[in-house]
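Asker: here's a sequence, model it:
(chains A and B)
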Protein chains: 2
Amino acid sequence: MKWVESVPNFSEGRRREVVESIVEEAGQYEKVWIVNWSMDKDHNRSVVTLVGEPEQVINALFDMVKKAVSLIDLRNHSGEHPRMGAADVVPLIPLKNIKTSECKEYADRLAERIGNELRLPVYLYEKSASTPGRKNLATIRKGEFEGFTGKIKDDEWKPDYGPQDSIHPSAGVVAVGVREFLIAYNVNLATDNLEIANRIARMVRHRNGGYRYIKAMGVELKEKGIVQVSMNLTNFKRTSIYRAFEAVKMEAKRYGVPVLGSEIIGLVPLRSLVETVDYYLGLDDFNSNRVIEYQLMDILEKE
Amino acid sequence: MKWVESVPNFSEGRRREVVESIVEEAGQYEKVWIVNWSMDKDHNRSVVTLVGEPEQVINALFDMVKKAVSLIDLRNHSGEHPRMGAADVVPLIPLKNIKTSECKEYADRLAERIGNELRLPVYLYEKSASTPGRKNLATIRKGEFEGFTGKIKDDEWKPDYGPQDSIHPSAGVVAVGVREFLIAYNVNLATDNLEIANRIARMVRHRNGGYRYIKAMGVELKEKGIVQVSMNLTNFKRTSIYRAFEAVKMEAKRYGVPVLGSEIIGLVPLRSLVETVDYYLGLDDFNSNRVIEYQLMDILEKE
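Answerer: Numbering: from 1, shown residues only, chains lettered A, B, ... in the order given. Prediction:
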């Protein structure tokens, strides 16, 4: 079977019943499995991880986006995390037995259907981007929901699908596209000083001279009374989790701020854990094939 | 499907064709998969890892033991590793959808068949042991092949199955039983002083007051000109890999000996890696379910 993953982000992290009813939409598909979902009050955002057969996955995604559009109103939305739509971003990731090019066709079909049937402007991003300037999600999202009423009228920011000159009044716009597996990884600092988290974020991220495949920003966790360096590792094969962790720790020393720990959001590929173990235990000649569950997966997949 | 693992050890590490023909015996079973095998000249021993459906696994194991009995003659055998039989030990490990108690029934049936059909005395060990004194493989094996002609006549060492008062003339005796997943884990030291490795081994192992589920000894790696603390972690859920590593590192400091790195032998359960990553990255709320390959395995397994 062909396997894809998707990790749609929805701009709702406080009303559990809303997130649940979005997640439930995927339940009717036989070859779609919700493997994880979580919501965050501070970010006011939820992240769902699903895997399955590509045709059914894009149908499930369409239903989920439709539900989000009907239940989330960005005109009354605030949270730490930048956002431009009720369904903010819908990535498609090739997992097994499928090429990126084929994945892109599925993403295109999903984007077209969202644009036409939900009257929601869609921007293709990352590997699906129609121009180099739209590869980066952060660039597309700049100005956020509030700024998009104006931004969409700019010739440079004509949507790839859907209404061409006005956002959806309550649901804004959405980004859809094929991307590499991305690891969302946050390191918690023993301080409530957001400026320190932001400074460290700038030191480790690519944009300001840090690691090539790290995106980062400082985030306040008000409930916990701490801040975190919130990162996206956009190519875990080249910039590993342990490297991001150690880089933040190293920079934090300068401010006399201890690192409290870290959190991985959603799912990660086994290889990213193997590389972390390799580093800390000084292993060589060890790889995913040596993990019993990987062997079982491989056996079952070939059956 | 029910899944078990077995890691039979055979007393042949030099004649590749012999080991290959033992391994080939498992090839005729549809629901048995060889996931790893290796042979060691110094130890003059080979280790095969197979997984599959329990009924077929015990049949495959019987065929492999039969082949080993026909091809290996312990009267002309020498090697670093202690041994008491051509097929030295045949453990059965519950992997998925099977309880220890059910696994023990399979081990019993295998043991009985080996005893009756191959005329090979069998000792049940670990969780299958008929008396507490037979839990530990090293205790059973004491005296090795050469000593067993006498040992078997001792009332205390009557075999559980097979001939009751004489060993198989060329193939000795064999241990069969259900045990926990065992992790073979070695930490390399930047010294060629075996005494230091032995001292550290004593400090970390259960027998001398160390961690409850660590067995350890010092080993010389002559080719590399270093020594290592060679360990068996007999319950990785209670004594993790990282703990063994850090314990060795801590003791090594005392001798001013740096730790060069470490090696994991054979296969490990995903959980053992997850716990190691948890520790070094200070994660909480992370577990095997968050690994994409684990999810695929789980989905495929339920199909």
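
Asker: which residues does the residue of the stretch 51-200 of chain A found nearest chain B contact?
Answerer: Residue nearest to chain B within the stretch 51-200 of chain A: residue A:51 (6.5 Å; C-beta to the nearest C-beta). Glycine gets a C-beta too; all of them are placed from N, C-alpha and C. Contact partners of residue A:51, counting by C-beta atoms under 8 Å, 6 or more residues apart in numbering or on different chains, are A:3-6, A:32-33, A:35, A:57, A:95, B:292, B:295-296, B:299.

Asker: what number of residues lie near residue A:70?
Answerer: A count of nearby residues for residue A:70, using other C-beta atoms under 10 Å in any protein chain shown, gives 15.

Asker: quick check, it in a helix?
Answerer: Yes. Assessed with DSSP: H, G, I helix; E, B strand; the rest coil, residue A:70 lies in a helix.

Asker: for it, what are its contacts?
Answerer: Shown in contact with residue A:70 (C-beta under 8 Å, 6+ apart): no residues.

Asker: how far away is it from residue A:64?
Answerer: 11 Å (C-beta to C-beta, to the nearest Å).

Asker: again, but for residue A:200
Answerer: Between residue A:200 and residue A:64 the computed distance is 34 Å (C-beta to C-beta).

Asker: repeat for residue A:194
Answerer: 32 Å.

Asker: so between the two, which is more surrounded?
Answerer: With neighbours defined as other C-beta under 10 Å, residue A:194 and residue A:64 compare such that residue A:64 has more, 24 against 16.

Asker: surely the more buried one and residue A:22 touch.
Answerer: Yes. With contacts counted by C-beta atoms under 8 Å, residue A:64 reaches residue A:22, the gap being 5.2 Å.

Asker: shared neighbours of the two, anything?
Answerer: Here residue A:64 and residue A:22 share the contacting residues A:10, A:48, scored by C-beta under 8 Å, 6+ apart.

Asker: run through the residues that contact the residue nearest to residue A:31 when sequence neighbours are not counted.
Answerer: Leaving aside its sequence neighbours, residue A:31 sits nearest to residue A:53 (C-beta to C-beta, 6 or more residues apart in numbering or on different chains; 3.8 Å). With contact taken as C-beta under 8 Å, 6+ apart, residue A:53 is in contact with A:1, A:2, A:3, A:4, A:31, A:32.

Asker: most neighbours among the residues you listed, please name it.
Answerer: The most crowded member of the contacts of residue A:53, judged by other C-beta under 10 Å, is residue A:4 (26 neighbours).

Asker: separation between that one and chain B?
Answerer: Taking C-beta to the nearest C-beta, to the nearest Å as the measure, residue A:4 falls 12 Å from chain B.

Asker: what helices and strands are in contact with the one helix or strand that residue maps to?
Answerer: According to DSSP states H and E, residue A:4 maps onto strand A:3-6. If you count contacts as 3 or more C-beta pairs under 8 Å, 6 or more residues apart in numbering or on different chains; DSSP states H and E, strand A:3-6 packs onto strand A:45-52, helix A:54-71, strand A:87-96.

Asker: residue of the stretch 1-150 of chain A nearest chain B, please.
Answerer: residue A:35 (4.5 Å).

Asker: burial of that residue, as a residue count?
Answerer: What residue A:35 shows, counting by other C-beta under 10 Å, is a neighbour count of 22.

Asker: confirm for me that it is in contact with residue A:48.
Answerer: No. Taking C-beta under 8 Å as the definition, residue A:35 is not a contact partner of residue A:48, at 9.1 Å.

Asker: residue A:176 - that's part of a helix, no?
Answerer: No. Judged by three-state DSSP, residue A:176 forms no part of a helix; its state is strand.

Asker: check contacts around residue A:5.
Answerer: With contact set as C-beta under 8 Å, 6+ apart, residue A:5 has these partners: A:49, A:50, A:51, A:92, A:93, A:95, A:181, A:267, B:292.

Asker: I misspoke; the intended subject was residue A:58.
Answerer: Residue A:58 neighbours (C-beta under 8 Å, 6+ apart): A:92, A:106, A:107, A:109, A:110, A:113.

Asker: most neighbours among these, which one is it?
Answerer: In terms of neighbours by other C-beta under 10 Å, the contacts of residue A:58 top out with residue A:92 at 30 neighbours.

Asker: that older thread, tell me which of the contacts of residue A:51 is nearest to residue B:74?
Answerer: residue B:296 (43.8 Å; C-beta to C-beta).

Asker: can you count the residues close to residue A:224?
Answerer: Counted with other C-beta under 10 Å, residues neighbouring residue A:224 total 12.

Asker: whoops, residue A:72 was the one
Answerer: For residue A:72, the count of nearby residues is 25 (other C-beta under 10 Å).

Asker: hmm, residue A:9 and it touching each other?
Answerer: No. The criterion here is C-beta under 8 Å, and residue A:72 misses it with residue A:9 at 11.5 Å.

Asker: helices - which of the contacts of residue A:58 land there?
Answerer: Per DSSP state H, helices hold the following members of the contacts of residue A:58: A:106, A:107, A:109, A:110, A:113.

Asker: and the third one, what does it touch?
Answerer: With contacts defined as C-beta under 8 Å, 6+ apart, the neighbours of residue A:109 are residue A:58.
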